[in-house]
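Participant: need coordinates for the below:
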Amino acid sequence: MIKKFFHALWFLAVVLPSVSVSEVRLKDLVEFDGVRGNDLIGYGLIVGLNGTGDGLRNSPFTEEMMSSILERLGVNVSGEDFRPKNVAAVLVTSVLPPFARAGAQIDVTVAAIGDAKSLLGGTLVMTPLNGADGEIYAVAQGSVIAGGLAAEGDAARVVHGVPTSGIVPSGARVEREIGFELSDLTRLRLALRTPDFTTAERIEKSINTQFRRPVATMLDAGTVELDIIAAGARSTAHVLSRIENILVEPERRARVIVDQRSGTIVMGEDVRISRVAVAQGNLTLTIEEAPEVVQPNPFAAGDTVVVPRTRAAIQNESGNGLAMISGETSLSQVIAGLNALGIAPGDMIDILKSIKSAGALHAEFVVQ
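Facilitator: Residues are numbered from 1 along each chain as shown. Below is the predicted model:
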C-alpha cells in the first residue's frame, strides 16, 4: 500500500508541474442565466419482468395501479385474485432540456419503489411526466436498460450493480414547451460555476476584446452581465454563439482534498507549505490470549477449568524523528518533502491536518 502511495505521489510530482494552466472555453465555465433544464417526475409501471417484480402483498400500490391501467383499457379485474410477479412500480425522472420543442425525445431514468428484485428486461408503460407546476410536459414509454444483474439459486443469490434502477434511452416525448423567449432579452447574465473575482474579470476582458467595445460588465465574483444591444448582433442567440467558445484562463484555488475512507490525497498545483518541521511516531498495542486448561488430579474432586492467560504490551516506535519540509514554490518539492517522512497514507492525512492547524499549509483543506 505504501509503495503504491509513493508511486502515486511520484507521478504527481513528475506530471503536474509540467502541465501549465490551460485555457477553457467560456461555456465550460459559466451558465447562461435562464438557459437551463427543468426536472420532471412521474409514477409508472414496468411490465414483462421475469418473476422479479413487486410482491403485491408488500406493495399494494402496484396492484392498484395495474388494476387502474387494465380498467382504462377495458379489462375488468375487480374481485379477481390477480397477483402476477412480472410488474413493478417505479418512479420515473428526467430533465427537460432548454429550448426542447414538442415532439423531441429525451432520456428517462426509472427506479423501483417496491420490493422488486430486478428491472432487467422490463418495459415501461405510458407514464406522464410532470413539472414542478404540476403540468404534464412529457410522456415516457419504452424498454428499460437495467443498471445491474442479479442471479439466484435455492441457497444463494448474487447481485452485480444496481438491477433495481435503469434508463430508457429517448424514452420520453416532449408534449409541452416551456415558454421562454431568448430573443426578448436585452441583458443576459453569465453565472460562473466556480465564483472567483479574477476569473470573472478575465471573462469580462475577453468578451470586450472579442466585440472591441464594452459589452460585458463584471457585477461580482460569480456574475458577468452582457449588454445585448451594445453587442450590435442580430439577436441574443448570435451573441451567445460568438462568446461561448472564447478561451479564458480560469483562476484555480489552492486545495488539498483527502478521502479518509480510501486514503486518497489530491493536491492542486498552487498548494504551498511554509518551512515546518514534522515528527511522526506510532504506538503499537499488542494483546495475546493463551488460555490454559487446568484439570484436577485423577482422584480429586473438582472440575476442569480454563484459566485465562493474557499478555499485553505497548511499544512506542521511534518513527523518523524531526523532518523538515522546506517552504518551496513547486508542488514537486512539497511532495518530496512529505515523502521524506516515509509514512502511510492514513498518517499522511493526519500530518497534513496538523500542518494546516499550525498555519503552514496555505490551501483550502477539504476532507471527504
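
Participant: residue ranges of the helices in this structure, please?
Facilitator: Under the criterion DSSP state H, the chain contains helices at 2-15, 60-72, 197-211, 228-231, 236-243, 331-339, 345-357.

Participant: give me the low-pLDDT residue ranges for the stretch 201-350 of the chain?
Facilitator: Applying pLDDT under 70 to the stretch 201-350 of the chain flags the ranges 278-289, 298-302, 310-346.

Participant: that one: strands as residue ranges?
Facilitator: With DSSP state E, counting those that start in this stretch applied, the stretch 201-350 of the chain shows strands at 216-220, 223-227, 247-248, 255-259, 264-267, 272-273, 276-279, 283-289, 292-294, 305-307, 310-316, 322-325, listed in chain order.

Participant: partner strands of the fifth one, parallel or antiparallel?
Facilitator: Think strand 264-267. Neighbouring strands of strand 264-267 in its sheet, by DSSP bridges, are strand 255-259 (antiparallel).

Participant: what would the lengthiest strand in the chain look like as PDB? C-alpha coordinates only.
Facilitator: Ordering each strand of the chain by length in residues (DSSP state E) puts strand 157-174 first. This file holds the C-alpha atoms of strand 157-174, laid out as PDB (Å, rounded to 0.1, in the frame of the first residue of the first chain):
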ATOM      1  CA  ARG A 157     -28.000 -15.000  -4.600                       C
ATOM      2  CA  VAL A 158     -25.500 -12.800  -6.300                       C
ATOM      3  CA  VAL A 159     -26.100  -9.200  -7.300                       C
ATOM      4  CA  HIS A 160     -23.800  -7.100  -9.500                       C
ATOM      5  CA  GLY A 161     -24.500  -3.400  -9.700                       C
ATOM      6  CA  VAL A 162     -28.000  -2.000  -9.100                       C
ATOM      7  CA  PRO A 163     -30.600  -4.000 -11.000                       C
ATOM      8  CA  THR A 164     -33.500  -2.100  -9.500                       C
ATOM      9  CA  SER A 165     -32.800   1.000 -11.500                       C
ATOM     10  CA  GLY A 166     -32.200   1.700 -15.200                       C
ATOM     11  CA  ILE A 167     -32.700   4.100 -18.100                       C
ATOM     12  CA  VAL A 168     -34.900   4.300 -21.100                       C
ATOM     13  CA  PRO A 169     -32.900   6.000 -23.900                       C
ATOM     14  CA  SER A 170     -35.000   8.500 -25.800                       C
ATOM     15  CA  GLY A 171     -37.900   7.100 -23.800                       C
ATOM     16  CA  ALA A 172     -40.000  10.300 -23.400                       C
ATOM     17  CA  ARG A 173     -41.500  12.500 -26.000                       C
ATOM     18  CA  VAL A 174     -42.000  16.200 -25.200                       C
END
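
Participant: ok, and what's touching it?
Facilitator: 40, 52, 94, 96, 100-112, 116-120, 124, 129, 137-152 (CB atoms under 8 Å, 6 or more residues apart in numbering). All C-beta atoms are positioned from the backbone trio N, CA, C, and that covers glycine.

Participant: now which of those would you call buried?
Facilitator: 40, 52, 94, 96, 100, 104, 106, 108-110, 112, 116-120, 124, 129, 137-138, 140-142, 144, 146-147, 150 (16 or more other CB atoms under 10 Å).

Participant: what's the mean pLDDT across stretch 38-56?
Facilitator: Throughout stretch 38-56, pLDDT has a mean value of 87.

Participant: just the buried residues of that stretch, please?
Facilitator: Across stretch 38-56, burial judged by 16+ other CB under 10 Å covers 40, 42, 44-46, 48-49, 52-54, 56.

Participant: want to throw the residues you listed into TSV with distance to Val24?
Facilitator: Output for the buried residues of stretch 38-56, formatted as TSV (distance: CB to CB, whole Å):
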residue	distance to Val24
Leu40	31
Gly42	37
Gly44	40
Leu45	44
Ile46	41
Gly48	46
Leu49	45
Thr52	45
Gly53	47
Asp54	47
Leu56	53
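
Participant: strands - which of those land there?
Facilitator: Using DSSP E, those in strands are 40, 42, 44-46.

Participant: please identify which of these is nearest to Phe211.
Facilitator: Leu40 (37.2 Å; CB to CB).

Participant: find the nearest non-adjacent residue to the closest one, please.
Facilitator: Distances taken as CB to CB, 6 or more residues apart in numbering place Leu129 nearest to Leu40, at 4.0 Å, with adjacent residues excluded.

Participant: dump the residue contacts of the one you found.
Facilitator: Contacts of Leu129 (CB under 8 Å, 6+ apart): 40-42, 92, 94, 108, 136-140, 172.

Participant: one more pass at 6 Å, please.
Facilitator: Counting by CB atoms under 6 Å, 6 or more residues apart in numbering, Leu129 touches 40, 42, 94, 138, 140.

Participant: again with Val366
Facilitator: By CB under 6 Å, 6+ apart, the contact list for Val366 reads Ile257.

Participant: now it: how far from Ile349?
Facilitator: Shown here: Val366 relative to Ile349, a distance of 12 Å by CB to CB, to the nearest Å.

Participant: count the neighbours of the residue nearest to Ala112 when sequence neighbours are not counted for me.
Facilitator: Of all residues not flanking Ala112 in the chain, Thr164 sits nearest, at 4.2 Å (CB to CB, 6+ apart). Neighbour count of Thr164, defined by other CB atoms under 10 Å: 24.

Participant: start at 54 instead
Facilitator: Happy to do that; since the first residue is 54 now, the last one works out to Thr217.

Participant: and Thr217, how far from Asp323?
Facilitator: According to CB to CB, Thr217 stands 43 Å off from Asp323.

Participant: and Lys258, by the same measure?
Facilitator: Distance, Lys258 to Asp323, using CB to CB: 21 Å.

Participant: before we move on, what about Thr357?
Facilitator: From Thr357 to Asp323 the distance is 70 Å (CB to CB).
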